[in-house]
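Colleague: Predicted model and sequence follow; I will ask about them next.
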Amino acid sequence: MQEENRAGVPPQRTAPPEEHRTSTTEKGSFCSAACTCGWRGPARRARSQARRDAAVHQEA
Ligand SMILES: [Zn+2]
């Protein structure tokens, strides 16, 4: 029973991969994007711009 020598075969973890679920939050007349990973986009005046920031973040 030697399970130490498993070269090239990393153990699989049950933890799910980090997801990036973005959403937009309105603050007054501004709108900013936020992600579940903790990322936050800059405040935008247009929601479409905030969504664009979120899209760029998800691609990265
Ligand atoms: Zn993210």
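Modeller: Yep, it's here.
Colleague: Ramachandran angles for residue 24?
Modeller: phi -110, psi 140 (degrees, to the nearest 10).
Colleague: any idea how far residue 24 is from the nearest residue to residue 45 once chain neighbours are set aside?
Modeller: Leaving aside its chain neighbours, residue 45 sits nearest to residue 30 (6.1 Å; criterion: C-beta to C-beta, 6 or more residues apart in numbering). In short, each C-beta sits where N, CA and C put it, glycine included. Distance, residue 30 to residue 24, by C-beta to C-beta, to the nearest Å: 11 Å.
Colleague: Those two - which one has more neighbours?
Modeller: Taking other C-beta atoms under 10 Å, residue 30 and residue 24 do not tie; residue 24 has more neighbours (17 against 14).
Colleague: Now do the residue positioned nearest the centre of the chain, the pLDDT please.
Modeller: Most central in the chain under C-alpha atoms, centre = their mean is residue 20, positioned 2.7 Å from the mean C-alpha point. We have a pLDDT of 94 for residue 20.
Colleague: quick one: it is in a helix?
Modeller: No - using DSSP: H, G, I helix; E, B strand; the rest coil, the secondary structure at residue 20 is coil, not a helix.
Colleague: Flag every residue of this structure that's near the ion.
Modeller: 20, 35, 37, 39 (C-beta under 5 Å from the ion).
Colleague: Counting neighbours, which of these comes out on top?
Modeller: So for those (other C-beta under 10 Å), the most neighbours sit at residue 35, 17 neighbours.
Colleague: what's the closest non-adjacent residue to it?
Modeller: residue 22 (4.8 Å).
Colleague: Residue 34 too?
Modeller: Leaving aside its sequence neighbours, residue 34 is closest to residue 40 (4.9 Å, by C-beta to C-beta, 6+ apart).
Colleague: can you give me phi and psi for that neighbour?
Modeller: phi -140, psi 130.
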